[in-house]
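[1] okay, predicted coordinates and the sequence, questions at the end:
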Amino acid sequence: MEIVGEQIRGAASAMGEDNGVSPAERRGRQERRTALMLISPGVLWMALFMVLPMIMVVYVSFWTQTTFTVEPKLTTDSWVRFLTSSTYLASTWTTVRIWGIVLLSTLLIGYPVALFIGLMVRNQTLQTALLVICVIPFWTSFLIRVIAWRPMLGTEGAINMILMKLGIIDTPLTSLLFSEFAVLIGMTQIYCVFMVGPITFMLSRIEPSIIEAARDLGAGFGRIFFKIILPLSLPGVIVGAIFVSVMVLGEFATAASLSGRKVNLLGNIIVSQVGSLKWAFASVAGVILTVIIAVVITALLRVVNLRKEM
Amino acid sequence: MLSLSSITKRYGDVTALDRLSVNVPDDSYVSLLGASGSGKTTLLRVIAGFEEPDGGKVIYDGHRLDGVAPHRRGIGFVFQNFALFPHLSVADNVAFGLRYREEGPVTDPSELKARVADAIRLVGLEGLEARKVTAISGGQRQRVALARTLVTEPRFVLLDEPLGALDANLRERMCDELRAIRERLKVTFLHVTGSETEALLMGDVVAVLSAGSIAQVGPASSLFALPKSADVARHLNAYNVLSGRMVNGGFEGAGARFALPGKQAASMVRRSKWRCVSIAFPCTRPVQLPLKPPERRQSARALSQASSRVHRFFPSSGWRTAPCFRSSLT
């Protein structure tokens, strides 16, 4: 070993590279340079198109709003208006409530699907095929997917028609479309797959022999599910929940097209305020929404240490 | 006693177990020797209940086991890859069976703690209770797997190549410990392995599994002295197996012709449909082949080719592999 070391040292000094720098240090510098090169485009992009605009949004939220213009004169008027108006506070609550319900329903519907694809189906080709089937609705645009619910849920829509033909109801249900129910249905369908994907991934990584071992030790299905399968898939649940949360909290299109303007989320408020050139007020709503999302994600990340589990 | 009678298990066109019958006595260490693909793991999975046989019966102390769900069979299984629960600590892994089993779970925390501590002491893992199972070595994981199974006090423990994932040094030590632990607990171990060394060293009784059925069962010594068939002899890795045919009461094969040796060896001769025979010679006493001089050179070459897969047993120094015939011919 020593001989080899000296040979290398000799070779290095012969090439004039040995300025008291150890090979480890030189390697370390090289790696830091590579890392810097890899990360700089991303950092630049995020700084220009995310961090800077977000600082701007916070700044604009304190600007003075007149009917048609917004002036860079600092004031807390917009904030006071938002925080004292029952309409806006109610819509904040609606946003949080719909987020909670959609998160729960995507989890309740998505988990069994993931359980089937990830754990029951052990053929990888079939697994991939089933996941692709889940993604098929995404081959069309987001708005089409939302609007497609109208002919399903409408008074003369498919569901009402079938229920009437079966004789279950006499008059069409009017509460299906243009209600909060429609928004929940639409969002659950659209975002369910973001829950299924990560959970399936985690479940498919569970060794079958681990479940067999649990059975061999005498545990029934319920115990195995709650003590082995669920904890091992929890990182997938958290990642799925983060996907769903971020998308649902920022939603406005589903609510706009399926609720008949009855459900106003923070997203809808931002859209309408921007539409009427109320930039300062839209900024306030934006900041509040960003804070809510940040709190939700932080809370979710607290549940599981993703860096350790993935 | 566990008895299997004409167990058959098929996967599509492949017959993994072919009318396999064997009795495993209580309080004994039985090793099951078989080459890879001989159906060892399938057999264990059928006994444990992870697979149901296509035909035949699994009977334990007069009760049918086949058809019973695996978690109600009371049979322990130590997996080849240990199958520890990666999200639990060593102590929680060991406690799993007691805590969560369907029948008679241990709910008293102090009793649970005591029994887990006992099991951990039995396998010598004191001090590692709080560690995650991902943060211990391979040998320690093996012990956790063993403790996790033994703590539930199964009547019968199946070990699927339990030493396969360990390095040679550790394997030897675990061999002794497994035997000692079994003797202390007085349960039956069925230890499956592909290594004849391990099988003969560990088992009070050795069963040789070949092509989906049991070729021979017996104490290691009797298996060695008199393998029933060339197939068994091949598994024992201590015999030269030659293929040839019977000609005038003599043996002809591998370019050589000779009279069959004594009565003992003759019993190893297995006739097949095409009048071909396999003959197994114990390597301890190399057979002097009565070859005529002109044939000698050619046959020596043929034999040395044939013997490239042949192994030799030195009883005093353990197992060696070496071509066996070269020395006896030249």
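    That came through, no problem.
[2] residue contacts, the residue in the stretch 51-200 of chain A positioned nearest to chain B?
    The stretch 51-200 of chain A approaches chain B most closely through A:R122 (13.4 Å), counting by Cβ to the nearest Cβ. Where C-beta positions appear, they are placed from N, C-alpha and C, glycine not excepted. By Cβ atoms under 8 Å, 6 or more residues apart in numbering or on different chains, A:R122 lies in contact with A:P208.
[3] tally of neighbours for the closest residue to chain B within the stretch 201-310 of chain A?
    Residue nearest to chain B within the stretch 201-310 of chain A (Cβ to the nearest Cβ): A:G218, separated by 2.8 Å. Using other Cβ atoms under 10 Å in any protein chain shown, A:G218 has 25 neighbouring residues.
[4] and A:F49, by the same measure?
    10.
[5] before we move on, what about A:F243?
    Neighbours of A:F243 (other Cβ under 10 Å): 17.
[6] cool, B:V123 as well?
    Using other Cβ under 10 Å, B:V123 has 22 neighbouring residues.
[7] cool, and B:A135?
    11.
[8] which ones are touching the residue of the stretch 201-310 of chain A closest to chain B?
    Taking Cβ under 8 Å, 6+ apart, one finds B:H71, B:R72, B:G74, B:G97, B:Y100, B:R101, B:E102, B:E103, B:T152 in contact with A:G218.
[9] filter those residues by proximity to chain A?
    B:H71, B:R72, B:G74, B:G97, B:Y100, B:R101, B:E102, B:E103, B:T152 (Cβ under 8 Å from any Cβ of the partner chain).
[10] thinking the fourth one is in contact with A:L217, fair?
    Right, the one you point to is B:G97. Yes. B:G97 is within contact range of A:L217, at 3.3 Å (criterion: Cβ atoms under 8 Å).
[11] now do the shared contacts for those two.
    In contact with both B:G97 and A:L217: B:R148, B:T149, B:T152, using Cβ under 8 Å, 6+ apart.
[12] flag whichever of those scores worst on pLDDT.
    Going through the shared contacts of B:G97 and A:L217 one by one, the lowest pLDDT turns up at B:T152, 89.
[13] so it lies in a helix, does it not?
    No. Assessed with DSSP: H, G, I helix; E, B strand; the rest coil, B:T152 is coil; it does not lie in a helix.
[14] for it, grab phi and psi.
    phi -80, psi 0 (degrees, to the nearest 10).
[15] burial count for it?
    21.
[16] just send the ones next to chain A among the contacts of A:G218 back as a markdown table, with secondary structure and distance to B:N23 too.
    Putting those into a markdown table (DSSP: H, G, I helix; E, B strand; the rest coil; distance: Cβ to Cβ, whole Å) gives the following:
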| residue | secondary structure | distance to B:N23 |
| --- | --- | --- |
| B:H71 | helix | 25 |
| B:R72 | helix | 23 |
| B:G74 | coil | 18 |
| B:G97 | helix | 27 |
| B:Y100 | helix | 33 |
| B:R101 | strand | 28 |
| B:E102 | coil | 29 |
| B:E103 | coil | 26 |
| B:T152 | coil | 24 |
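[17] can you tell me which of those are buried?
    The neighbour-count criterion (16 or more other Cβ atoms under 10 Å in any protein chain shown) marks B:H71, B:G74, B:G97, B:Y100, B:R101, B:T152 among the ones next to chain A among the contacts of A:G218 as buried.
[18] and those, which two are the farthest apart?
    B:G74 and B:Y100 (15.3 Å; Cβ to Cβ).
[19] and chain B, what are its domains?
    Annotated domains of chain B cover B:2-214, B:226-329 [automatic domain parsing].
[20] contacts only, for residue 179.
    In the absence of a named chain, chain A is used. If you count contacts by Cβ under 8 Å, 6+ apart, A:S179 has them with A:S259, A:G260, A:K262.
[21] actually it's chain B I care about, not the one you picked
    By Cβ under 8 Å, 6+ apart, B:R179 lies in contact with B:Y29, B:M202.
[22] quick one, what contacts the residue nearest to A:S233 when sequence neighbours are not counted?
    Nearest residue to A:S233 in three dimensions, chain neighbours excluded: A:M202, at 4.4 Å (Cβ to Cβ, 6 or more residues apart in numbering or on different chains). The contact partners of A:M202, by Cβ under 8 Å, 6+ apart, come to A:G118, A:L232, A:S233, A:L234, A:P235, A:G236, A:V237.
[23] for the stretch 51-200 of chain B, what lies in contact range of chain A?
    By Cβ under 8 Å from any Cβ, the residues of the stretch 51-200 of chain B that approach chain A are B:69-72, B:74-77, B:79, B:81, B:83-87, B:96-97, B:100-103, B:148-149, B:152.
[24] in the chain, where's the longest helix?
    Picked chain A for this. As assigned by DSSP state H, the longest helix anywhere in chain A is helix A:86-115.
[25] other chain: chain B
    helix B:168-185.
[26] show the contacting residues for the closest residue to A:V296 other than its chain neighbours.
    Nearest residue to A:V296 in three dimensions, chain neighbours excluded: A:S245, at 5.0 Å (Cβ to Cβ, 6+ apart). Applying Cβ under 8 Å, 6+ apart to A:S245 gives the contacts A:W99, A:L103, A:I293, A:V296, A:I297, A:L300.
[27] any idea which residue is closest to the centre of chain A?
    For chain A, A:F243 is the residue whose C-alpha lies nearest the centre (Cα atoms, centre = their mean; 1.7 Å).
[28] how about the secondary structure of it?
    Assignment for A:F243 (three-state DSSP): helix.
[29] so what pLDDT did it get?
    According to the model, A:F243 scores 94 on pLDDT.
[30] thought it was touching A:I199?
    No. With contacts counted by Cβ under 8 Å, A:F243 stays clear of A:I199, the gap being 10.8 Å.
[31] returning to what we had before: find the nearest non-adjacent residue to the residue of the stretch 201-310 of chain A closest to chain B, please.
    B:R101 (2.8 Å).
[32] could you check the pLDDT of residue 162?
    All of this is about chain A. 89.
[33] sorry, should have said chain B
    pLDDT recorded at B:P162 is 84.
[34] what pLDDT does the model give B:F79?
    On the pLDDT scale, B:F79 is placed at 91.
[35] for the stretch 1-150 of chain A, what spans make up the strands?
    In the stretch 1-150 of chain A, the strands defined using DSSP state E, counting those that start in this stretch lie at A:64-65, A:70-71.
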